[in-house]
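Visitor: Can you look at this prediction? I've put the sequence above it.
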Amino acid sequence: MKNPMYEVASLLLEKLLLLAHVKLCSAGPGAEEEEEKRAGCYDPTHFQRGDLLEVPRTLFVHFGIYLGDNRVAHMMPDILPAFSDEPRQIQRVVTNKRLVLGVIARLASIRVDTVEDFAYGGSILVNHMDRAFQNQVLGGEEAARRAEKLVGAAAYSLLWNNCEHFVTYCRYGSAVSFQTDKFCETVKMIIRDQRSVLASVLLGLASVLCLGLAPSTTLPTIIIPFFLWMAG
């Protein structure tokens, strides 16, 4: 007979591995199709004003709008605008600490950097999302002007107002994020899995029986996943 605790641990590990492999910023529909031509270098002659640029990262894809003259407008989480409006300070490279605090505080800045700083060593994909927005692509000049008007401090949400929302609004007139859609679908899939509810129940009972925790403390670990599963 299998050990229930072993099964719970295996299930949780499976879920964590699944989430770890989900890209928060998917390239959207057609991502598995043949890739568009990537810019092999950061020569500005590869781009036109209003182009939507993508830079794949390890767990996400970063987006920006090319403004011309080797400049890219892009949104980055940043806590500094909450404490200073000095352009020289804000324009400095965003450190990891500034970025993480920006995510927590839900603050960002739409900034203009060089193509090199925007790419940060990654390869650049140009207008790859156009296939998902047929007949909705705005003119390059219109996209660039929209981006320029939004430069400055902005509200930020990892799921509801991120760099992808910014560029899709500028180039297609509609702020959407395929990364959010994919992440939410993955979460729904996990919630709908009956084994997740079972794992929560077993963990709750183990906490009461083995660790001596009060039922009032562990009860939410049983009830909340159950209702989420039923709602899903």
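Guide: Yes, it's here.
Visitor: how would you label residue 53: helix, strand or coil?
Guide: Secondary structure, DSSP: H, G, I helix; E, B strand; the rest coil: residue 53 is strand.
Visitor: how many neighbours does the closest residue in space to residue 81 that isn't next to it in sequence have?
Guide: Spatially, and ignoring its direct neighbours in sequence, residue 81 is nearest to residue 153 (4.0 Å; C-beta to C-beta, 6 or more residues apart in numbering). Any C-beta I mention is one placed from the backbone N, CA and C, and that applies to glycine too. Other residues within reach of residue 153, judged by other C-beta atoms under 10 Å, total 16.
Visitor: Which elements pack onto the helix or strand hosting residue 153?
Guide: Residue 153 is part of strand 152-155, with elements assigned from DSSP states H and E. On a contact count with 3 or more C-beta pairs under 8 Å, 6 or more residues apart in numbering; DSSP states H and E, strand 152-155 meets strand 107-114.
Visitor: about what we covered before: list the contacts of the residue nearest to residue 81.
Guide: Taking C-beta atoms under 8 Å, 6 or more residues apart in numbering, we find residue 153 in contact with 81-82, 107-110.
Visitor: contact partners of whichever helix or strand comes after the strand holding residue 153?
Guide: Downstream of strand 152-155, the next assigned helix or strand under DSSP H and E is helix 163-172. With C-beta under 8 Å, 6+ apart as the test, helix 163-172 has contacts from 25, 50, 52, 61-65, 73-76, 110, 129, 133, 136-138, 143-144, 146-147, 150, 154, 174-180.
Visitor: Show the pLDDT at the residue nearest to residue 81.
Guide: Per-residue confidence (pLDDT) for residue 153: 92.
Visitor: Residue 74 pairs with what?
Guide: Using DSSP bridges, the bridge partners assigned to residue 74 are residue 111.
Visitor: my guess is it contacts residue 109, does it?
Guide: No - applying C-beta atoms under 8 Å as the test, residue 74 and residue 109 come out as separate, 9.6 Å apart.
Visitor: Show me how the protein divides into domains.
Guide: 4-20+184-231, 38-175 (automatic domain parsing).
Visitor: Of these, which shows the lowest average pLDDT?
Guide: Minimum mean pLDDT among the domains of the chain: domain 4-20+184-231, a mean of 57.
Visitor: What helix or strand is residue 183 located in?
Guide: Residue 183 is part of helix 178-192, with elements assigned from DSSP H and E.
Visitor: which stretches of this structure form helices?
Guide: Taking DSSP state H, the helices of the chain run over residues 4-20, 87-91, 96-105, 115-119, 140-150, 163-172, 178-192, 194-209, 215-231.
Visitor: helices and strands around the third one, which ones?
Guide: Helix 96-105 is packed against strand 71-77, with contacts defined by 3+ C-beta pairs under 8 Å, 6+ apart.
Visitor: Counting by contacts, list what the strand it packs on packs against.
Guide: strand 61-68, helix 96-105, strand 107-114, helix 115-119, helix 140-150, helix 163-172.
Visitor: Contacts only, for residue 77.
Guide: By C-beta under 8 Å, 6+ apart, the residues touching residue 77 are 94, 98-100, 102-103, 107-108, 156.
Visitor: Tell me how far it lies from residue 45.
Guide: According to C-beta to C-beta, to the nearest Å, residue 77 and residue 45 sit 31 Å apart.
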